[in-house]
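Trainee: sharing a model prediction with you, sequence too.
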Amino acid sequence: MVLCENEKDKKEETEEQEKGKKDESWLQSIQKLKTEMNAYVRIQSGVLDTNIDILYNKKSNHGKQSQTSTRPITILCTTVEGKYEDSKFDLVLKKDEHKIEKVIPNENRSLDKWSESLNHYRHDRYENEDKLKVLANISKENKSNRTLESLNVGEQNVLLSLMFQLNQLLMLINNPIFFPHESYVKAFKEVISDAGTEKSK
């Protein structure tokens with residue numbers, strides 16, 4: 001997900017938040033999105049039911065999941081001056097006079113931690129947090145010492161570095177989580193039902 005902002009946009013968003021007209025930023029609204037584990041799909045070894053209760057109760061032979069709560073890679077493209085080393089965005093691209101500057105706040109974090117952040121994002125937002133944590137099987141130790149920093153070609157090659165680093169992050173979430181058709185149908189039915197109830201009033 002990419003947010004592009006300029007001085008005017010940034011000023012308007014800040015003013016709206018200060019006046020209480022806007023409760024959350026664009027990034028906060030993206031971070032609230034949740035994954036629904038409830039798909040039925042063919043994979044190489046057979047058919048997989050990703051219903052969390054089935055997986056958790058080991059009625060499936062698939063057990064541990066490489067993705068339990070995905071999130072998008074967040075990128076800020078900005079012309080606003082400032083320091084972005086502590087940004088909440090994964091990646092910041094800013095125009096600096098005649099060149100593009102790239103800032104990745106967690107560039108030296110291990111790729112294991114990046115994978116955890118992208119594929120098992122904030123289980124604490126879910127009712128079944130404990131089950132998700134068991135299915136995620138997250139290791140406290142790093143299995144790899146690889147980092148995005150090691151894919152930085154150099155300050156003179158910002159776009160080339162960006163290509164390698166962004167591609168590496170995309171490869172960590174390359175196989176997106178399976179689409180939960182049943183959950184979407186349920187949500188649509190609820191909306192339709194609620195609309196019918198409102199209409200009859």
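Mentor: Everything's here; your move.

Trainee: output the below-cut-off pLDDT ranges for the protein.
Mentor: 23, 42, 44-47, 58-63, 142, 175-177, 199-201 (pLDDT under 70).

Trainee: what about the helices in it?
Mentor: With DSSP state H as the criterion, the chain has helices at 7-18, 26-31, 52-56, 111-119, 129-136, 158-172, 181-200.

Trainee: now the last one: buried residues?
Mentor: To tie it back to what came earlier, the one meant is helix 181-200. For helix 181-200, burial by neighbour count (16 or more other C-beta atoms under 10 Å) applies to no residue. Just so you know, the C-beta spots here come from the backbone N, C-alpha and C atoms, and that holds for glycine as well.

Trainee: against residue 120, how distant is the residue at minimal distance from the centre of the chain?
Mentor: Per C-alpha atoms, centre = their mean, the C-alpha nearest to the average position across the chain is that of residue 71, at 1.7 Å. Using C-beta to C-beta, to the nearest Å, one obtains 9 Å as the distance from residue 71 to residue 120.

Trainee: also residue 66?
Mentor: Separation of residue 66 from residue 120 (C-beta to C-beta): 9 Å.

Trainee: what's the local residue count around residue 91?
Mentor: 23 (other C-beta atoms under 10 Å).

Trainee: contacts only, for the closest residue to the residue nearest to the centre of the chain other than its chain neighbours.
Mentor: Excluding the flanking residues, the one nearest residue 71 by C-beta to C-beta, 6 or more residues apart in numbering is residue 121, at 4.1 Å. Residues counted as contacts of residue 121 (C-beta atoms under 8 Å, 6 or more residues apart in numbering) are 35, 69, 70, 71.

Trainee: same question, residue 165
Mentor: Residues counted as contacts of residue 165 (C-beta under 8 Å, 6+ apart) are 91, 104, 107, 148, 151, 152.

Trainee: how does it look with 6 Å?
Mentor: Residues near residue 165 by C-beta atoms under 6 Å, 6 or more residues apart in numbering: 148, 151.

Trainee: I'd like the distance between it and residue 43.
Mentor: Taken as C-beta to C-beta, the span from residue 165 to residue 43 is 29 Å.

Trainee: cool, residue 171 as well?
Mentor: Going from residue 171 to residue 43 by C-beta to C-beta gives 19 Å.

Trainee: do residue 31 as well
Mentor: Going from residue 31 to residue 43 by C-beta to C-beta gives 29 Å.

Trainee: redo the helices of the chain as JSON lines? Include distance to residue 82.
Mentor: Listed next are the helices of the chain as JSON lines, based on distance: least, C-beta to C-beta, whole Å:
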{"stretch": "helix 7-18", "distance to residue 82": "9"}
{"stretch": "helix 26-31", "distance to residue 82": "15"}
{"stretch": "helix 52-56", "distance to residue 82": "41"}
{"stretch": "helix 111-119", "distance to residue 82": "24"}
{"stretch": "helix 129-136", "distance to residue 82": "35"}
{"stretch": "helix 158-172", "distance to residue 82": "18"}
{"stretch": "helix 181-200", "distance to residue 82": "39"}
